[in-house]
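Q: Provide a 3D model corresponding to the input given below.
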Amino acid sequence: MREIPNHELIAKRIPAADGNRRSLIGFAHTFNGYAFLAGEEPSERLSGDWSDLSLSELRCLLFWQVRSDRWSGGLSTDWPSLWSLLAVIRSRVEAGALE
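A: Sure, this is the predicted structure:
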C-alpha cells in the first residue's frame, strides 16, 4: 500500500464502518507511524482524548492499533474502537482539518 499524505486524503475513499476489516487495515497502512513517531513510544504521544489529536496523530494511532492487532495475532483488538477512530479521521478530512 502506498503512503497517502493528509492533503491527498479524500473522505469518500476512507473506508466506511461496514465491518470490512481488510479495508480498515489497508487504510491504516497508508500512513507510516514508524516514521511519524521517529522512535518515540506511541503511548507517550497518543494517549488521551482523541479530540486533542491532530489528523496525523489520529492516523498514527490507527496505524499502531492495527500493528498491535498483528503482533497479538488478532486477539487484542477492539474493532468497534478502530471503526470509531476511522469515523473521526473521516470527519476531520470532510471538515478540511488536514494538519
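
Q: from the centroid of this protein, which residue is nearest?
A: When Cα atoms, centre = their mean is applied to the chain, the residue found nearest the centroid is residue 62 (2.7 Å).

Q: grab the nearest non-local neighbour of that one.
A: Nearest non-adjacent residue to residue 62, counting by Cβ to Cβ, 6 or more residues apart in numbering: residue 28, 4.8 Å away. The C-beta positions use only the backbone N, C-alpha and C, and glycine is treated the same way.

Q: surely that neighbour meets residue 63?
A: Yes: contact between residue 28 and residue 63 holds when scored by Cβ atoms under 8 Å: they sit 5.1 Å apart.

Q: which residues are in contact with each of the two?
A: Common neighbours of residue 28 and residue 63, using Cβ atoms under 8 Å, 6 or more residues apart in numbering, do not exist here.

Q: and the helix or strand harbouring residue 62, what does it pack onto?
A: Per DSSP states H and E, residue 62 falls inside helix 55-71. Contacting helix 55-71 under the criterion 3 or more Cβ pairs under 8 Å, 6 or more residues apart in numbering; DSSP states H and E are the following elements: helix 21-28, helix 33-37, helix 42-45, helix 79-95.

Q: and that helix, average pLDDT?
A: The average pLDDT for helix 55-71 rounds to 86.

Q: which residues belonging to it are considered buried?
A: Judged by neighbour count (16 or more other Cβ atoms under 10 Å), helix 55-71 contains these buried residues: 55, 57-67, 69.

Q: with that, I have no additional questions.
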